[in-house]
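Chemist: have a look at this fold, sequence not included:
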């Protein structure tokens, strides 16, 4: 199997992102790129909130910018390979992967029950329609008691 040269690591910047990053780093790619997608509140809530959410959206953006920078620094990923974008996560991950010529997308996946929850909606959306390989790293696994 060939090695991966350009990996796009898609993160939600939760504590579980470190688990996903560790797996991406273990692949020893030439370039690691990191993307975090902020879904506009108007999309998340269907535009049903009768108030201006721009201030809240700006605060979310600033907080995500700081977290992405800190997270990327811990992985030695330079600023030019960090992407903080607004939109639908699946579409933006696909777009950036194509723009940079990624040969692998690494994304976290919650191991839930049921076919529709198998990967989680974002990981499932990234998998379908990706132009390159996708590695779904299982996160949020509750470790079983080691004494049993």
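Modeler: Perfect, I can see it now. This structure is a prediction, so every number in the text was calculated from the model and none was measured.

Chemist: residue 101: neighbour count?
Modeler: Neighbours of residue 101 under the rule other Cβ atoms under 10 Å: 12. The way it works is simple: take the backbone N, C-alpha and C, and place the C-beta from them, glycine included.

Chemist: separation between it and residue 138?
Modeler: Distance, residue 101 to residue 138, by Cβ to Cβ, to the nearest Å: 27 Å.

Chemist: in the chain, which spans are strands?
Modeler: For the chain, the strands defined by DSSP state E cover 6-10, 31-38, 82-86, 104-110, 133-139.

Chemist: okay, those in CSV with mean neighbour count, mean pLDDT and distance to residue 22 next?
Modeler: CSV is the format used below for the strands of the chain (neighbours: other Cβ atoms under 10 Å; pLDDT from 0 to 100; distance: least, Cβ to Cβ, whole Å):
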stretch, mean neighbour count, mean pLDDT, distance to residue 22
strand 6-10, 26, 97, 10
strand 31-38, 22, 96, 12
strand 82-86, 17, 96, 18
strand 104-110, 23, 89, 10
strand 133-139, 18, 90, 9
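
Chemist: quick one: contacts of the lengthiest helix in the chain?
Modeler: Determined from DSSP state H, the single longest helix within the chain is helix 54-74. Helix 54-74 is contacted by residues 11, 13, 17, 21, 34, 36, 38, 40-41, 78-79, 81-82, 84, 86 when judged by Cβ atoms under 8 Å, 6 or more residues apart in numbering.

Chemist: please identify which two of the residues you listed are farthest apart in space.
Modeler: 41 and 78 (29.9 Å; Cβ to Cβ).

Chemist: quick check: residue 125 touching residue 92?
Modeler: No: using Cβ atoms under 8 Å, residue 125 makes no contact with residue 92, being 10.5 Å away.

Chemist: returning to that earlier point: distance to residue 58 added to the strands of the chain, as JSON lines?
Modeler: Listed next are those as JSON lines, based on distance: least, Cβ to Cβ, whole Å:
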{"stretch": "strand 6-10", "distance to residue 58": "23"}
{"stretch": "strand 31-38", "distance to residue 58": "11"}
{"stretch": "strand 82-86", "distance to residue 58": "11"}
{"stretch": "strand 104-110", "distance to residue 58": "26"}
{"stretch": "strand 133-139", "distance to residue 58": "29"}
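
Chemist: chain center to stretch 14-27: distance?
Modeler: 10 Å (Cα atoms, centre = their mean, to the nearest Å).
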